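predicted model follows, preceded by the sequence.
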Amino acid sequence: MAATGSGIDTTTVRCLGADDAGAVQRLHARLDQHDSYMRWFGPQPKQLTAFSDQLCECNKRRCALGAFIGDELVGVGNFVMLDGVSPTTVEFALVVAQDERLHGIGTSLLDGLEDEAYRHGARRMVAEVMGENAPMLQVIRERGWAHSLRRDGSTLHLEVKLHVAE
Ligand SMILES: CC(C)(COP(=O)(O)OP(=O)(O)OC[C@H]1O[C@@H](n2cnc3c(N)ncnc32)[C@H](O)[C@@H]1OP(=O)(O)O)[C@@H](O)C(=O)NCCC(=O)NCCS
């Protein structure tokens, strides 16, 4: 789908499927307590296998993208369609392996999610971000979405309109 970097560090991004569930589980299992809190606002799900299986289901309502260096899964971005919301809205989240951060992988995953969400018929993307999550807020600001953040206590609510990719 997309590639960033050069030479042996090239990252590719593609849709995940059932065969990727084990790698998704291992990636999430390696997150430390702080990252888990940033991702889930609490501890990681007890049923990480079920979580990973569901995350890898791609259908009309949900999709997950994986970033790979070679065969190794180093990041995951996913979205789920929200019920009864107009315009059609998806909520997304990102996770990048600790050793592979600050190389633009989170940004590449977000690029892919934006395109994929539009293809799924979504016209709005939302996310909940902890106010202390500087890396994620930086990804959002770099994208020019700072004005789409609204504070709600200790969290920030992101809400952006989706447009056709140019
Ligand atoms: C948020 C997260 C996905 C970002 O992934 P990433 O691959 O490091 O993101 P990128 O490399 O695309 O970084 C984009 C920008 O953020 C900046 N950034 C990344 N990590 C940072 C940090 N720890 N402190 C300050 N800035 C940081 C980068 O410098 C980059 O800015 P630049 O374009 O000026 O270089 C990753 O930190 C992560 O997995 N965190 C834990 C889970 C989480 O918080 N998920 C978000 C839930 S919505």
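Looks like it came in fine.

so is Arg26 in a helix, a strand, or just coil?
With DSSP: H, G, I helix; E, B strand; the rest coil as the basis, Arg26 sits in helix.

may I have the beta-bridge partners of the closest residue to Leu137 other than its chain neighbours?
Using C-beta to C-beta, 6 or more residues apart in numbering and skipping the chain neighbours, the partner closest in space to Leu137 is Val129 (6.3 Å). The way it works is simple: take the backbone N, C-alpha and C, and place the C-beta from them, glycine included. Bridge pairing for Val129 (DSSP bridges) gives the partners Leu156.

enumerate every residue touching Val129.
The contact partners of Val129, taken as C-beta atoms under 8 Å, 6 or more residues apart in numbering, are 136-137, 140, 149, 155-158.

which one of those residues sits closest to the ligand?
Distance to the ligand, by C-beta to the nearest ligand atom, is smallest for Met136 among the contacts of Val129, at 3.9 Å.

now stretch 49-67: buried residues?
51-52, 54-56, 58, 62-67 (16 or more other C-beta atoms under 10 Å).

got those residues as JSON lines, with secondary structure columns?
Converted to JSON lines, the buried residues of stretch 49-67 look like this (three-state DSSP):
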{"residue": "Phe51", "secondary structure": "helix"}
{"residue": "Ser52", "secondary structure": "helix"}
{"residue": "Gln54", "secondary structure": "helix"}
{"residue": "Leu55", "secondary structure": "helix"}
{"residue": "Cys56", "secondary structure": "coil"}
{"residue": "Cys58", "secondary structure": "coil"}
{"residue": "Arg62", "secondary structure": "strand"}
{"residue": "Cys63", "secondary structure": "strand"}
{"residue": "Ala64", "secondary structure": "strand"}
{"residue": "Leu65", "secondary structure": "strand"}
{"residue": "Gly66", "secondary structure": "strand"}
{"residue": "Ala67", "secondary structure": "strand"}
